[in-house]
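Q: Have a look at this prediction, sequence included:
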Amino acid sequence: MQFKRLIAASALSALFAANAQAVSLTGTITTENGSPVMGAMLTVFNEAGNRKESVYSGADGSYAIHTDFGGKLNVRARLANFEDATTTVQLAADQLSTVNLTLKHFASAQAASDALTASAHTAKLPWASHDQRRPFVSQCNYCHQVGNALTRSARSEDAWTVTLDRMQGYFAMLSKGEAKTFANVLARGFDGKPVQAVQNYGIAPELTHAKVEQWMVGDAMTFIHDTDVGIDDKLYGTDEGHDLVWVLDRQTGKTDSYPEPDINLPAGGLFNGMTLPIGIFTGKHGPHSMAQGKDGRFWITNALSSTLASFDPVTKAFKLYPVPGDALYPHTIRMDQEGILWFTNNVSNQVARFDPKTEKFTIIRLPSNGLFRWITDMLLPTIVHVGNWFPHKNLPLDVSTHRFLGHDVLNSPYGIDVNPKDGSIWYAKLYANKIGHIDPKTLQVTEYDTPLKGPRRPRFDRNGILWIPAFEDSGLMRFDPVTKTFESYKLPVLADGEYEVPYALNVHPITGDIWITANASDRILRFIPSTKRFISYPSPTRVTVLRDLVFTKDGRVCNSNSNLPAYGTEDGLDSFMCFDPDGGDKDKAAILAAKGK
Amino acid sequence: MNDRIRPVSATVCAVLLAVSAIVMIYMGTYASAYYAPAVCLLWEAVLLWRGAARKLFERVLQLNQLTGIILILTLWLGDTLHLPKLDIAGVMLIGNMASGGPLMAVLAIPLLASFHFSKTLPDWFQPTAHA
């Protein structure tokens, strides 16, 4: 470990020397009475406001951060239950400066309330029961946070009804009864009065070693859904609203975007009958998820046009492949060891197999699980199609069976992954609460009920254990495909009554740790299977909604902050975000090395 | 004043159609497209109750059966036959809803059968024969 850190320090020292703009800050973060605080976030913003980097203070309140941008920098210290402390410094290239910051208690109850995460505000909603809350968690928290500054404004029940009607045009699958209940609960719960909560992040020693880097992307309407890391170590993001692929070179900080080719469909693609978010969904394809093939091409599921796209990162050329049949909303995509692509068709209850060599699709219709789900499976693609004859009228909402029975009447095949042990394909059915196994040779399907509800985007670890986030039940599940047994874990929350919405997870290829998005509370969680311990990493950005997590060659956990809308985030923009569990240590080592020169 | 005696089967079926219409109206309060079959069911209930417009009454039942069968076959076999599945299914779905929807599909079977195999309902729709 020491040796590794020495190498890292040497490498970073060289980088430090090579970067003309690099600057460093050190200092201490204390409270008003002079006590040092551990786990406070120290964030440095560049002058243009499109980059920020953060580290966490140690037990003695000290921090050290090395950035590759200099000039006029805004510096902020942030800790739960305290007011932000900010200052501005002007640093020349290679300059090392000391900035000490003092955190004060909030001056008012309102200020304290405003600084709380969305989870603290939603905890106040007066649900009659867990079961009454469950469809709200499922349907109102997957595009964005509820309870953040944008979404918690006090409204009347009628105003909430209007909002909920609009959200249903954006695919929130609510029964009429649920919509009525939600409007009532939201009107009573979000009353504009300050929320009193003391949030505890359970600061772990590991936090003090970490660093977070962010690169803002696009504009206030950008919607980067998923992120992948290429073999060139660049980050690639799918802008689902604007039919773009964003590319970030982390070394230079440069971002580029590449538009998908046009298609003979109206805006909104095959979902033109719905009233998609104005200004955000202006495209036709809706690029959603991606996986890089062995030849370097990315394969992208176009959710709105029901096409699969290939994108060559060298030539920047796209090619479109229409998914056959009544496939609707191609969703999460993964590639198996043979180079075959597998993806879920979320609305039409299918998994698709695509062979890039023969360019042939095979569509696997998944079990319906009951009469009502069968009726829905059979009719929904037709209903959506008929809806397109009456653009933007939300006609599907006037016919679909979910209006009576809620989202449970859908199957919703969602995440998918490949078992590294035997190459078998496993998927999660988000609304039917099942995981399923597909034999890649026979295409035979077997499904299993999950103990927690809302299995979303599962991933395998290298030992062939499937890890599954339970979106509706604020949990994590472990499934052993050999013994067919589950284990369940509750995710840590910041205060009593809060819940978490784990959208996705991924397993670190080297450490085997499970990294989980915690989108209600602006965190990313790390679960260590050997000790069954969670580590909580607070995000430097209020309103952090993360989706697919990917790992770079240098060990960073990267993703996109993609709250809908982007202007609802603290930065007002989407961003690529990378957590480096050892990044803080690397900065300290680099600064020490520079001092030694 | 019409002094014809309404057969029990006509009364029962008219009531069933009316009850189905009420069910559809209730469903329409959740999803408004279901008001369309409700109107049709109510219309058919009135025709049957009054014994009027037999041809129209029968044509609606036949349309409902035809669209329902084609809808199911298209959804079931459309991919295999490489048909423009969703276009056909969409037209059939609209046609089926306009002609009474799924509850009409169930009631239409005994109603059409009785027109074919029995004289009671056909006679009820021919008031001049009983006048």
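A: Great, that's in hand. Numbering: from 1, shown residues only, chains lettered A, B, ... in the order given.
Q: Residue A:156: neighbour count?
A: 10 (other CB atoms under 10 Å in any protein chain shown). All C-beta spots, glycine's among them, are computed from the backbone N, C-alpha and C.
Q: Can you tell me how far it is from chain B?
A: For residue A:156, the distance to chain B (CB to the nearest CB, to the nearest Å) stands at 22 Å.
Q: give the contact list for that residue.
A: Applying CB atoms under 8 Å, 6 or more residues apart in numbering or on different chains, we find residue A:156 in contact with residue A:187.
Q: rerun at 10 Å
A: By CB atoms under 10 Å, 6 or more residues apart in numbering or on different chains, residue A:156 lies in contact with A:162, A:183, A:187.
Q: Same question for residue A:535.
A: By CB under 10 Å, 6+ apart, the contact list for residue A:535 reads A:201-207, A:210, A:492, A:513, A:515, A:523-528, A:581.
Q: On the pLDDT front, check it for me.
A: Reading off the confidence values, residue A:535 has pLDDT 98.
Q: Remind me which helix or strand it belongs to.
A: Here residue A:535 sits within strand A:533-538, counting by DSSP states H and E.
Q: So is stretch B:28-44 next to chain A?
A: Yes - judged by CB under 10 Å from any CB of the partner chain, stretch B:28-44 comes into contact with chain A at B:28-36.
Q: Go through that stretch and flag the buried ones.
A: B:28, B:30-31, B:33-38, B:40-44 (16 or more other CB atoms under 10 Å in any protein chain shown).
Q: circling back: which of the contacts of residue A:156 ranks first by neighbour count?
A: Result: residue A:183 is most packed of those (other CB under 10 Å), 21 neighbours.
Q: Next up, the contacts around that residue.
A: So residue A:183 contacts A:155-165 (CB under 10 Å, 6+ apart).
Q: Which among those count as buried?
A: A:155, A:160-161, A:164-165.
Q: all helices for the chain, in order.
A: I'll assume chain A. A:2-18, A:109-114, A:118-122, A:130-140, A:157-169, A:176-189, A:371-387, A:402-405, A:583-596 (DSSP state H).
Q: that's the wrong chain, I meant chain B
A: Under the criterion DSSP H, chain B contains helices at B:8-30, B:35-50, B:54-81, B:85-98, B:101-117, B:120-124, B:127-130.
Q: For the fifth one, the averaged confidence score.
A: What that stands for is helix B:101-117. 95.
Q: and that helix, what does it pack onto?
A: Packing partners of helix B:101-117 (3 or more CB pairs under 10 Å, 6 or more residues apart in numbering or on different chains; DSSP states H and E): helix B:8-30, helix B:35-50, helix B:54-81, helix B:85-98, helix B:120-124.
Q: could you give the angle of the fourth one to helix B:101-117?
A: Yep, that's helix B:85-98 we're talking about. Orientation note: helix B:85-98 sits at an angle of 70 degrees relative to helix B:101-117 (axes from the mean of the first three to the mean of the last three CA atoms, to 10 degrees).
Q: list the helices and strands helix B:85-98 packs on?
A: Here helix B:85-98 touches helix A:371-387, helix B:35-50, helix B:54-81, helix B:101-117, going by 3+ CB pairs under 10 Å, 6+ apart.
Q: relative to helix B:35-50, how tilted is that helix?
A: Using the same axes, to 10 degrees: helix B:85-98 against helix B:35-50 is 40 degrees.
Q: Mind listing what's buried along helix B:85-98?
A: Neighbour count says helix B:85-98 has B:85-86, B:88-98 buried, by 16+ other CB under 10 Å.
Q: picking that back up, could the helices and strands packed on helix B:85-98 go into CSV alongside distance to residue A:217?
A: Listed next are the helices and strands packed on helix B:85-98 as CSV, based on distance: least, CB to CB, whole Å:
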stretch, distance to residue A:217
helix A:371-387, 30
helix B:35-50, 46
helix B:54-81, 39
helix B:101-117, 48
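Q: which residues does residue 105 contact?
A: Using chain A. Counting by CB under 10 Å, 6+ apart, residue A:105 makes contact with A:31-32, A:81-83, A:111-112.
Q: think we crossed wires, I meant chain B
A: B:37, B:61, B:64-65, B:67-69, B:71-72, B:96, B:99.
Q: Try it again at 8 Å.
A: Here residue B:105 is in contact with B:64-65, B:68, B:96 (criterion: CB under 8 Å, 6+ apart).
Q: Can you tell me which of these lies closest to residue A:136?
A: residue B:96 (33.8 Å; CB to CB).
Q: burial count for residue 27?
A: Assuming you mean chain A. Count around residue A:27 with other CB under 10 Å applied: 19.
Q: hm, I was asking about chain B
A: Residue B:27: 21 surrounding residues under other CB under 10 Å.
Q: isn't it right next to residue A:404, touching?
A: Yes - the pair residue B:27 / residue A:404 is scored as a contact, 6.9 Å apart, by CB atoms under 8 Å.
Q: what does chain A put close to chain B?
A: Within reach of chain B by CB under 8 Å from any CB of the partner chain, chain A has these residues: A:175-176, A:324-326, A:363, A:378-379, A:381-383, A:385-386, A:389, A:395, A:397-400, A:403-404.
Q: cutoff 6 Å now
A: A:176, A:325-326, A:378, A:382, A:385-386, A:398-399, A:403-404 (CB under 6 Å from any CB of the partner chain).
Q: hmm, which two among those are most spread apart?
A: A:176 and A:325 (31.0 Å).
Q: Compare neighbour counts for the two and give me the winner.
A: residue A:325 (21 against 16).
Q: Confirm for me that that one is in contact with residue B:79.
A: Yes - contact criterion CB atoms under 6 Å: residue A:325 and residue B:79 qualify, at 4.7 Å.
Q: Quick check: residue A:116 vs chain B, distance?
A: Distance of residue A:116 to chain B, given as CB to the nearest CB: 36 Å.
Q: Please disregard the earlier target; I meant residue A:172.
A: For residue A:172, the distance to chain B (CB to the nearest CB) stands at 15 Å.
Q: that older thread, mean neighbour count, the helices of chain A: which tops it?
A: Sort the helices of chain A by mean neighbour count, taking mean count of other CB atoms under 10 Å in any protein chain shown, and helix A:118-122 sits at the top with a mean of 27.
Q: Lovely, talk soon.
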